[in-house]
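Trainee: with the input below, show me the fold.
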Amino acid sequence: MSVTLATDEGDIKIELFCDLAPKACENFLALCASDYYNGCVFHRNIKGFMVQTGDPAATGKGGASIWGRRFEDEFHHSLKHNTRGIVSMANSGENTNGSQFFITYSKQQQLDMKYTVFGKVIDGWETLDSLEKLQVNDKFKPMKDILINNVTIHANPIADGD
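Mentor: Next up is the predicted model:
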């Protein structure tokens, strides 16, 4: 199961861990399928750490899950922030997942068991490299808006199972 984020900097293909993070993946796939992420900017970008998106308001404070409420964390011992390209739900504390997500630029073990890992980058490394090199302001917001233009779902076992 994978999706491709088509961004202003290029494409990023992400493999999703639907078996180990089913709610996060269901939410992410449904948001992708409804074009929710189209036009979202990468609103937080910290070199060597991560890049974050998924807030249609571009403030880093917005976004909603498909259920209209925050949803619970899903942790699995095998899902770690152990390398570049890990995709996780952003949150503001325990069980506060919505629509925002981030992609790591490096190993970030301090995030393990605090943020739901639901995927990993499998292609588009040059795009991730380009994102990491973007100039940012003192609040880590890129100086120019970089958008997710659209998302392609390559296989959707959630929909196929219905």
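
Trainee: okay, now the unreliable bits of the protein?
Mentor: Residues of the chain meeting the criterion pLDDT under 70: 156-162.

Trainee: now do the strands in it.
Mentor: Applying DSSP state E to the chain gives strands spanning 2-7, 10-16, 44-46, 50-53, 86-89, 101-104, 117-123, 148-153.

Trainee: and the third one, which strands flank it?
Mentor: What it means is strand 44-46. If you go by DSSP bridges, strand 44-46 pairs up with strand 50-53 (antiparallel).

Trainee: can you tell me what sits against the strand it pairs with?
Mentor: Strand 50-53 has contacts (Cβ atoms under 8 Å, 6 or more residues apart in numbering) with 37, 40-45, 60, 90, 100-105, 108, 128, 131-132, 148. For glycine as for every other residue, the C-beta is placed from the backbone atoms N, C-alpha and C.

Trainee: off-centre distance for that strand?
Mentor: Per Cα atoms, centre = their mean, to the nearest Å, the displacement of strand 50-53 from the mean C-alpha position of its chain is 7 Å.

Trainee: got the CA coordinates for it in PDB?
Mentor: The C-alpha trace of strand 50-53 is given here as PDB (Å, rounded to 0.1, in the frame of the first residue of the first chain):
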ATOM      1  CA  MET A  50      11.600  17.000  10.100                       C
ATOM      2  CA  VAL A  51       9.100  18.700   7.700                       C
ATOM      3  CA  GLN A  52       5.400  19.000   8.600                       C
ATOM      4  CA  THR A  53       2.200  19.500   6.600                       C
END
